[in-house]
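S.K.: predicted model follows, preceded by the sequence.
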Amino acid sequence: MALNFQKMQGAGNDFVLLDLRAQKFDVDAEKARILADRHTGVGCDQLLVLHPADSPQHLLRFEVWNADGSRAEQCGNGVRCIGLYVLTRGETPDGEFSIEGPVAPVHLADAGGGQIRVNMGAPDFRPEAVPVALPPVGQGYHLSVNGQEYEIGAVSMGNPHALLEVPDIQNAPLKALGPLVSEHEGFPKGCNAGFAQVIHRGEIHLRVHERGSGETRACGSGACAAAAILMRNGSLDTQVLVKQVGGDLIIDWTGESQPIMMTGPATHVYEGNLL
């Protein structure tokens with residue numbers, strides 16, 4: 001039987017969405033890599049897989065597979081695409097709902113104008129939560145890569161993130177340094193490596209090397225992580241515009257123990273069937 005799929009994107013971060021609530025398909029690492037391949041498959045940064053919810057208060061359960069076949073714990077842009085998918089299907093007439101994620105439930109709301117607002121949960125800066133095993137420096141960490149020394153921030157948004165502040169985002173050493181940070185032994189589970197330029201207290205420019213996918217046009221959880229790290233150290237106000245190559249996200253955070261709210265676009269690109 002044909003396998004129905006949706007191609008979607010959120011701020012340029014693109015996905016193949018498989019709704020397995022009414023069709024059968026066993027996803028594994030190899031199948032995820034095949035579907036994500038841009039030359040021989042459909043092509044995407046991540047694969048979103050929907051299942052029936054385990055709990056009746058949630059609409060569905062989702063999982064995320066990276067392009068290299070590894071699993072991801074969180075995906076902010078992907079969550080917004082899931083939100084658009086169920087909203088356009090009329091599954092959420094009041095415009096608000098929650099879904100079960102790999103780490104924790106996620107609450108979403110229709111913000112109008114093609115925008116989806118997501119409660120991304122509270123950022124967790126505890127070293128064991130990220131996890132990160134590097135020498136602490138102030139609110140961040142000391143990182144040594146190939147004889148070069150850096151001061152970075154680190155936080156968990158349900159998945160691990162590192163952040164390096166740079167003076168010029170266009171010339172950020174993402175191609176060379178991103179993979180080395182992402183796979184550094186100081187991050188036992190790897191991390192998404194972000195590079196941020198602060199434009200002013202209400203705007204940053206961001207690029208992210210995502211663990212398992214490389215540089216993507218946008219990273220939702222990376223935008224939340226960057227905002228949280230820079231808000232915590234006093235560089236930003238409580239609302240910030242995060243500009244990425246693929247589009248803009250608005251991040252709101254009122255401080256420790258409070259959830260981060262992410263608002264941004266989601267787009268349905270096309271629907272297809274795999275034979």
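M.R.: That came through, no problem.

S.K.: quick check, residue 265 in contact with residue 13.
M.R.: No - Residue 265 is not in contact with residue 13 according to Cβ atoms under 8 Å; the separation is 10.5 Å. No exception for glycine: its C-beta is placed from N, CA and C like everyone else's.

S.K.: and these two? which has more neighbours close in?
M.R.: residue 13 (31 against 22; other Cβ atoms under 10 Å).

S.K.: what pairs with residue 271 across the strands?
M.R.: With DSSP bridges as the criterion, residue 271 is bridged to residue 6.

S.K.: ok, now residue 48?
M.R.: Under DSSP bridges, the beta-bridge partners of residue 48 are residue 17, residue 64.

S.K.: report how many residues lie close to it.
M.R.: Residue 48 sits with 25 neighbouring residues when counted by other Cβ under 10 Å.

S.K.: quick one: pLDDT of it?
M.R.: pLDDT for residue 48: 98.

S.K.: ditto for the one 3 residues further on
M.R.: pLDDT recorded at residue 51 is 98.

S.K.: measure it to residue 189 for me?
M.R.: According to Cβ to Cβ, to the nearest Å, residue 51 and residue 189 sit 24 Å apart.

S.K.: next one: residue 127
M.R.: Counting by Cβ to Cβ, the gap from residue 127 to residue 189 is 12 Å.

S.K.: please apply the same query to residue 183.
M.R.: 11 Å.

S.K.: tell me, what's touching the two both at once?
M.R.: Counting by Cβ atoms under 8 Å, 6 or more residues apart in numbering, residue 183 and residue 189 have no common neighbour.

S.K.: spatially, which residue comes closest to residue 225, not counting chain neighbours?
M.R.: Spatially, and ignoring its direct neighbours in sequence, residue 225 is nearest to residue 161 (3.6 Å; Cβ to Cβ, 6 or more residues apart in numbering).

S.K.: on the three-state scheme, that neighbour is what?
M.R.: Put simply, residue 161 is strand when judged by DSSP: H, G, I helix; E, B strand; the rest coil.

S.K.: quick one, helices of this structure?
M.R.: Using DSSP state H, the helices of the chain run over residues 29-36, 76-88, 174-182, 220-232.

S.K.: contacts for the first one?
M.R.: Yep, that's helix 29-36 we're talking about. By Cβ under 8 Å, 6+ apart, helix 29-36 touches 5, 16, 25, 40-47, 65-70, 274.

S.K.: circling back: could you dump the helices of the chain to CSV with mean neighbour count, distance to residue 149 and mean pLDDT?
M.R.: Output for the helices of the chain, formatted as CSV (neighbours: other Cβ atoms under 10 Å; distance: least, Cβ to Cβ, whole Å; pLDDT from 0 to 100):
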stretch, mean neighbour count, distance to residue 149, mean pLDDT
helix 29-36, 18, 35, 98
helix 76-88, 25, 30, 97
helix 174-182, 18, 12, 97
helix 220-232, 28, 19, 98
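
S.K.: distance to residue 121 added to these, as TSV?
M.R.: Below are the helices of the chain laid out as TSV (distance: least, Cβ to Cβ, whole Å):
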stretch	distance to residue 121
helix 29-36	25
helix 76-88	11
helix 174-182	22
helix 220-232	9
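
S.K.: list just the one of those that sits closest to residue 114.
M.R.: Among these, the nearest to residue 114 by Cβ to Cβ is helix 76-88 (7.8 Å).

S.K.: gap between that closest one and the chain center?
M.R.: 13 Å (Cα atoms, centre = their mean, to the nearest Å).

S.K.: per the record, what domains does the protein have?
M.R.: 3-118, 136-265 (automatic domain parsing).

S.K.: what about the nearest residue to residue 247 once chain neighbours are set aside, how many neighbours?
M.R.: The shortest distance from residue 247 to any non-neighbouring residue, by Cβ to Cβ, 6+ apart, is to residue 11 (3.3 Å). Close neighbours of residue 11, defined as other Cβ under 10 Å, add up to 26.
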